[in-house]
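Colleague: I'd like to go over a predicted model; first the sequence, then the structure.
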Amino acid sequence: MPRVVLVTGASRFLGGYLVTRLAQNPDIERVIAVDAVSPSKDMLRRMGRAEFVRADIRNPLIGKVIRNAEVDTVVHASTLARPPKSGSRAAMKDMNVIGAMQLFAVCQKAPTVRKVVLRSASVVYGCSAKDPAKFTEEMSARRRPAGAYARDCIEIEGYLRGMGRRRPDIGVSILRLAPLVGPRLNATVAQYLTSPVVPTILGRDARLQVLHEEDALAALERATVSGPAGTFNVAGDGVVMMSQAIRRAGRIEVPMPFGLFRNLGRALMGPVMRSYTTEQLEYFHFGCGLDTTRMRSELSFEPRWTSMQALDDFARAAGVKAIIKNEWVDAAENALLALTGTAKGER
């Protein structure tokens, strides 16, 4: 059981709500929330007894916080998936990679640190037509990921493993989370599936394996409090095909060639298509499946929601109203079956 825990990225969803969960654990003496931006008043209230420190992990101040508080467990959850507002790719890389390097260097020098948990993502595997049905933790991308976020995650994981080799007494846990969905998190997959008209890639039916926001928080909490060292894929059970997810959300699917996907898709979906990163567009193209055997056998974590249930829970909480009602789909299928049966009988 950790005594003093420090969590980065406290102003964002995962970091902030993880701090909230840890602060409710009476066996943890202190919880320190760190971010360069102050959390909302509501989030600060939820954090309860946790202490918020406004600090940039690239600043030497983070070293003083870890040493003075005698932090023994560090959770790094502040990696950015896209450049900050009015920022550039260079600024994103500086915050992600340089920030992680500085943080891990401080952890390496701090004698009290015994565990570092990294919130990584399944984007490290990339998305391509050559992908296996499921990626295990030992596998890597079939081709170098083109997206900035994926490349940053790969570099950050590498720096953390390097720190672990130099300080073998520090337990290093890397959680590669599948894309998140949930009622409080309007993330990429959720935005895509709630568009009235959903553009898809002609000839492709991406395999979606997602993770409910509550399962993501529970997995990070397990890794922080009692989880072993290692690298773990974390995702809900089952795979949902893109076409199936669109039908269940009652949306209208419009297949198109990949070359027109972004431009024509923008005309159908509006400005939201412009905000999608390279990793997200590739995910809509191919999807990604994760082997979660190690998550169960070593991390001892069992998700509460399957991929299908997570998508349904989001749609229900968001009040998504089906454009194409299930009754219409059932009626069309029954009519088609009746016509097929008639044709067979006539033959």
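Modeller: Okay, I see it.

Colleague: helices along the chain, start to end?
Modeller: 13-23, 41-47, 61-69, 89-93, 99-109, 148-166, 188-193, 213-225, 242-248, 258-269, 278-286, 293-297, 307-318, 326-346 (DSSP state H).

Colleague: nearest to Leu118, out of those?
Modeller: Comparing the helices of the chain against Leu118 with C-beta to C-beta, the closest turns out to be helix 148-166 (5.4 Å). In short, each C-beta sits where N, CA and C put it, glycine included.

Colleague: just the buried residues of that closest one, please?
Modeller: Residues 148-157, 159-160, 163-164 are the ones in helix 148-166 that count as buried (16 or more other C-beta atoms under 10 Å).

Colleague: stretch 117-135 too?
Modeller: 117-127, 131, 134-135.

Colleague: same question, stretch 279-295
Modeller: Neighbour-count burial for stretch 279-295, counted by 16+ other C-beta under 10 Å, picks out 279-292, 294-295.

Colleague: again, but for stretch 299-309
Modeller: Under the neighbour-count criterion of 16+ other C-beta under 10 Å, stretch 299-309 has 299, 301, 303, 305-309 buried.

Colleague: by mean pLDDT, which helix or strand of the protein comes out lowest?
Modeller: Here the helix or strand of the chain ranked lowest by mean pLDDT, DSSP states H and E is helix 326-346, holding a mean of 57.

Colleague: next, format the buried residues of stretch 299-309 as a markdown table and append distance to Arg247 and pLDDT.
Modeller: Formatted as a markdown table, the buried residues of stretch 299-309 follow (distance: C-beta to C-beta, whole Å; pLDDT from 0 to 100):
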| residue | distance to Arg247 | pLDDT |
| --- | --- | --- |
| Leu299 | 33 | 97 |
| Phe301 | 30 | 97 |
| Pro303 | 23 | 97 |
| Trp305 | 19 | 96 |
| Thr306 | 17 | 96 |
| Ser307 | 15 | 95 |
| Met308 | 12 | 94 |
| Gln309 | 16 | 94 |
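
Colleague: show me which pair in those is furthest apart.
Modeller: Leu299 and Met308 (22.3 Å).

Colleague: what are the phi and psi angles of the residue nearest to the spatial centre of the chain?
Modeller: Centroid-nearest residue in the chain, with C-alpha atoms, centre = their mean: Pro179, separated by 4.1 Å. Note on Pro179: its backbone torsions stand at phi -50, psi 140 [degrees, to the nearest 10].

Colleague: doesn't Arg207 make contact with it?
Modeller: No. With contact defined as C-beta atoms under 8 Å, Pro179 does not reach Arg207; the gap is 11.8 Å.

Colleague: ok, now which ones touch the residue nearest to Ala178 when sequence neighbours are not counted?
Modeller: Excluding the flanking residues, the one nearest Ala178 by C-beta to C-beta, 6 or more residues apart in numbering is Ala235, at 3.6 Å. By C-beta atoms under 8 Å, 6 or more residues apart in numbering, the residues touching Ala235 are 122, 177-178, 209-211, 290, 292, 295, 303, 307.
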